[in-house]
Structure formats: C-alpha cells, structure tokens
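Visitor: turn this into a model:
(chains A, B, C and D)
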Protein chains: 2
Amino acid sequence: MSTVKALAKGLKILDQLLESHMRPEEFRRIGVTEVAELLEVNKSSASRLLQTLSSYGYAKKDSEQRGYILGPKMHNAAQTGSQVIFRDLARPFIYQLMKSSGESAHTAIVSQGKALIIDDIESAASLRVAGGIGRLEQLHCTAVGKCLLAFMDLTLPRDLPQQTPRTITSYNKLKFHLEEIRLQGYALDDEENLEGGRCLAAPIYDQSAVVIACIGISGPSVRMTLERLPHYIKLVMDCSRELSLSLGYQGHKP
Amino acid sequence: MSTVKALAKGLKILDQLLESHMRPEEFRRIGVTEVAELLEVNKSSASRLLQTLSSYGYAKKDSEQRGYILGPKMHNAAQTGSQVIFRDLARPFIYQLMKSSGESAHTAIVSQGKALIIDDIESAASLRVAGGIGRLEQLHCTAVGKCLLAFMDLTLPRDLPQQTPRTITSYNKLKFHLEEIRLQGYALDDEENLEGGRCLAAPIYDQSAVVIACIGISGPSVRMTLERLPHYIKLVMDCSRELSLSLGYQGHKP
DNA sequence: TCTAAAATTGCATATCACGCAACACTAAGG
DNA sequence: CCTTAGTGTTGCGTGATATGCAATTTTAGA
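Guide: Sure, this is the predicted structure:
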C-alpha cells in the first residue's frame, strides 16, 4: 500500500483548514509560510498546493486579510448536515399545512444559486403539481425562489429565463416585485413557472431573526383560484410563523 | 500559476464523492474503475489515489458493498453545520436549566472519540466549574461522556486514564456502570473527573428516537451535595425530556 | 514613503506518479 | 462447489511533474 505524496500533502493542509474552521474560538487564517513549516517543504511548494486547493474550491484566499481559509465546497458539506436536521424539524409543520390546505407542501433553501426543495409532502389529490425532493428551482419565477430572494438579501439574478408567458423577465420589474413581497410577507407564483399551477411561499426565521429557508404550497390553478388565495395565504403564513417560533424566533428587534 | 496535478486528481475524486453524498436519492458508491475512467488514468493510479484519500479519512471503503464513499472527515464537517443549528435550538433549554439549578449548564456531542462541549452557560455563582465551549472531555469519567457512552452505542474506550482517585479505570466496572446509567436515564460524575466537582447529564433524543447529544450541569461538590442530588436529577431529566420533545421525539416505539 | 515579511513565479533537476503486467479478491451463475 | 468475469491491488522501471532555489512581486505596518 502506498500513498500519493502530493495528494497527502494537500489533505494535510485541508486538515488544518478544517480544524481552524470547526472551532470558532480558535479560528485563524493559514498562510503559505505556516503551511511550508507544517509540511516541511519550501514556501513555493506550499503556495502551489494552496493554489490548487483554491482552484478546486476547497480553500479560499481570505479577502480581508492574508491567509487561506476553508473553501466553499467544505461549507456546502456543512450546510448539508444542517439541512437534514432542519428538514426533520420542519416536517410536522408542512405535513399539517398539506392537510389544512389540501395541496402539496414543501420546504426550500438556497443552494447553488437556486431554490433547493429539501422536503415535499404531496397532497392526496389526483391533480397536483408534481413533487421533487432534491429538485432545484429557478429563483425568479417560483414562490419559494422569490420568497428567498426577497427575504435573504441574495444577489438578484441577471438571467431571468422565460418559463411561461407570465414569467417576470425584467430585472427592474422583478426588483420592484420583491419589494412588494417583503411588504406582504409572502410570495405568490401566479403561473409564472408552470402554466396551470400556482404556488405560495413564506419565510422561516431562526432565533436570530435571520431567514434561513421558506415553506410553501403548490397546486393547480383550478383549485388555487384567485378567489381562494386569501384562505391559502393565511394557512401558509400561520404555518411559517409557528415554525419560526419553534426555532426560537422572537420577532424582529427594533 | 500552476496546479499540482496529483492533488488536483484527488480533489476531483473528492468532488464526486461529495456529489454522491449530498443527494441521498442519487447516492452510489464509487469504484476504482469508475474513478479511472473519470480521471482518464490507469486503474492502479486510481486505486492509489483512493487509498490516499482513505488513509486521511476523506474517503472510506464501504464495508457492505464494493466501492468508496465519503469519509469521516467530511462527515465531521457536515456535523459541524448540524451542531450550530442544534446548539441554537438547545440554548433556551440549557439557559432555563442553569437558572433553575443555579449551576453551569451545557450541551455536548460526540466528536473525535471524546465529548465535545458545543454550548455552555455559566452560572452566576463565584465558585463554579470552569466553562469551555469547544472543550473536549473524556468519555469515561465525565457525566456527559458517560451519558453519551451509555445511550449512543459507542465503542467503549480501552484506555481509561485516572483523573482523580474516584475515576473508574476498569473496563468491566465501567461497562457495568453504563448499564446502571441506562436504567436510571441519567449519568452522574461523582468527582471522577475533577476533585471537588460533580456533574449530571441526560440524553437528548431526536424524532427517530435516537440519542444525538446530551445536556448536563456542573457544579462544586459543596453545593451539589449527595443530599441535594435528587433535586438536580429531576431538573436535568425534565429539561432533557422537554428538549427531546421539541425535537420531535415521541417516546420509544415497542 | 519605506521596509520587512509574505507570497508568487520561472527554471532545472530529483523525486515520485504513472502505466504495465501480474496477481488477488469477489460476486454471480451453472 | 467450481468457474468466470469483473473489480481492485501491488511491484517495477521510466518519464512526467513536484520540488527547491533564487528572483521578483505584493502587502501590511511604521
């Protein structure tokens, strides 16, 4: 059994970056010189190893100070762990939402510049919007996507592909629309993503009053009519408030 | 700018392992032959790269079927993400526990073969057991450690260093003692880790009735006397039950 | 602005990653 | 149980590349 030495060196660096990251009280950036000492190699070798780790997203040159920190790929792995816990916590709430609304209910978070459906409880109705745990949805034309855009301070996408005739494809129109969503406290997908389908979504706040996800319902327009919308809006917003409270949310501090 | 090619190859494998891991519906083990095709190298090279990743804990040969999966180090990164959410959820409960008991209260999980304190709310009393978010504690002689050993089906450590004259250093004695803890539903550190200090701990169950953590209190023996222990035990166990319920725990199914 | 320390880059050479081939292991089918 | 095909591992020699050196660039602090 043999090891590939260059790879081993890179992984040792990754160990150090991980260790520094996992203990917030002991966080520090790691420099080329420090890595050179750790591996007992020349600084130039250390620099190239760090560059390689960076180019693949496993390390990142800190933008504020000298030194390298853990890169986005490891952050994504950490986020997946949180997703599983959060999904399980939110499940009873969206189950109840599905029951009270009669439509499919789901939980969504931001991932890879899209809205990732991390849980989805389908309604028993024969005509329903197709489900999809793990599905990535466009941000600009889905209720969950727009909800996340409005409440999470995300960078607005520039590319707004048309999904239906009703899709908002203008950056300025979307920007204005998101302001409305913030005032209303919920987002409506009015056949913007799927013809014949409407969705509603509302944000989930954590204990520090930061939005971390959203929940929503999807259904066919023949059932989710504009006349019945207020009924659905109330259900979704009640559910999102209860889930937020269960996460320790205590309302916005002035 | 140049990349270290051998390291780059290893990171590409890690990318694949991560990708497979993050979407449970798309999980699959990755074999040497598949890696060889991905990287366009000979199977022997692929094998050596995977072995190197494995020896550093980033990959793991699956024990049930052929192929490699994401290794414990990446799991640990994922766990850290969950820790932050869990820590925040548990905080109000241990805060209340500190208030009602008058002693420092903490949350602990298993990490690196030890008990990791992920949150710690110190009592206002002048004489108290020193705190330490991020501290790793021995499993065999602390209340949180013994609690995790008893309820989480961990491998019993063989090395049981003596911390005080009261430390249990016999494997068989510890094994028997853990059976007692399982029956009682809580663990007591009776000056086994620190002379003049006693700790109590109780397990936290999640929605699938699996123990994922524990909470505990620590205080000086002059306050946490044997006569007052039942009072403290009740507080700790009440708190652990409430926190478990808030996580969706519904009691043990037969 | 200057200086010292940290980080990066080009080049030649020493090291080791690589492919080949042989072998070992495993799972499935007869 | 035996056979076969596919998967994974190991030893060896060679050429590709990782490395150290030295020069250069960048950066942060006085």
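Visitor: in chain A, which spans are strands?
Guide: A:59-61, A:68-70, A:104-111, A:114-121, A:136-137, A:187-190, A:197-205, A:211-220 (DSSP state E).
Visitor: out of the ones you listed, the one nearest residue B:15 is which?
Guide: Between residue B:15 and these, the shortest gap by C-beta to C-beta is with strand A:59-61, which sits at 14.1 Å. (Each C-beta comes from the backbone N, C-alpha and C, glycine too.)
Visitor: JSON lines please, covering the strands of chain A and showing distance to residue B:222 and mean neighbour count.
Guide: Shown next, in JSON lines, are the strands of chain A (distance: least, C-beta to C-beta, whole Å; neighbours: other C-beta atoms under 10 Å in any protein chain shown):
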{"stretch": "strand A:59-61", "distance to residue B:222": "50", "mean neighbour count": "20"}
{"stretch": "strand A:68-70", "distance to residue B:222": "44", "mean neighbour count": "23"}
{"stretch": "strand A:104-111", "distance to residue B:222": "49", "mean neighbour count": "25"}
{"stretch": "strand A:114-121", "distance to residue B:222": "49", "mean neighbour count": "22"}
{"stretch": "strand A:136-137", "distance to residue B:222": "59", "mean neighbour count": "18"}
{"stretch": "strand A:187-190", "distance to residue B:222": "58", "mean neighbour count": "24"}
{"stretch": "strand A:197-205", "distance to residue B:222": "43", "mean neighbour count": "27"}
{"stretch": "strand A:211-220", "distance to residue B:222": "43", "mean neighbour count": "26"}
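Visitor: okay, the ones you listed in CSV with distance to DNA strand C and mean pLDDT next?
Guide: Output for the strands of chain A, formatted as CSV (distance: least, C-beta to the nearest atom of the strand, whole Å; pLDDT from 0 to 100):
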stretch, distance to DNA strand C, mean pLDDT
strand A:59-61, 6, 89
strand A:68-70, 8, 88
strand A:104-111, 29, 88
strand A:114-121, 31, 86
strand A:136-137, 33, 84
strand A:187-190, 42, 96
strand A:197-205, 38, 94
strand A:211-220, 33, 92
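Visitor: reformat these as JSON lines; add distance to DNA strand D.
Guide: What follows is these, written out as JSON lines (distance: least, C-beta to the nearest atom of the strand, whole Å):
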{"stretch": "strand A:59-61", "distance to DNA strand D": "9"}
{"stretch": "strand A:68-70", "distance to DNA strand D": "13"}
{"stretch": "strand A:104-111", "distance to DNA strand D": "30"}
{"stretch": "strand A:114-121", "distance to DNA strand D": "30"}
{"stretch": "strand A:136-137", "distance to DNA strand D": "30"}
{"stretch": "strand A:187-190", "distance to DNA strand D": "41"}
{"stretch": "strand A:197-205", "distance to DNA strand D": "36"}
{"stretch": "strand A:211-220", "distance to DNA strand D": "32"}
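Visitor: and the ones you listed as CSV, adding distance to chain B?
Guide: Formatted as CSV, the strands of chain A follow (distance: least, C-beta to the nearest C-beta, whole Å):
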stretch, distance to chain B
strand A:59-61, 10
strand A:68-70, 8
strand A:104-111, 9
strand A:114-121, 10
strand A:136-137, 10
strand A:187-190, 24
strand A:197-205, 12
strand A:211-220, 9
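Visitor: so which of these is nearest residue B:191?
Guide: Using C-beta to C-beta, the strands of chain A put strand A:68-70 closest to residue B:191, at 39.7 Å.
Visitor: tell me which residues are up against that closest one.
Guide: A:17-18, A:20-21, A:29-31, A:35, A:50, A:53-54, A:58-62 (C-beta atoms under 8 Å, 6 or more residues apart in numbering or on different chains).
Visitor: do I have it right that residue A:61 meets residue A:55?
Guide: No. With contacts counted by C-beta atoms under 8 Å, residue A:61 stays clear of residue A:55, the gap being 10.8 Å.
Visitor: circling back: save the strands of chain A as CSV, and put in distance to residue B:86 too.
Guide: Formatted as CSV, the strands of chain A follow (distance: least, C-beta to C-beta, whole Å):
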stretch, distance to residue B:86
strand A:59-61, 26
strand A:68-70, 20
strand A:104-111, 17
strand A:114-121, 17
strand A:136-137, 26
strand A:187-190, 29
strand A:197-205, 16
strand A:211-220, 14
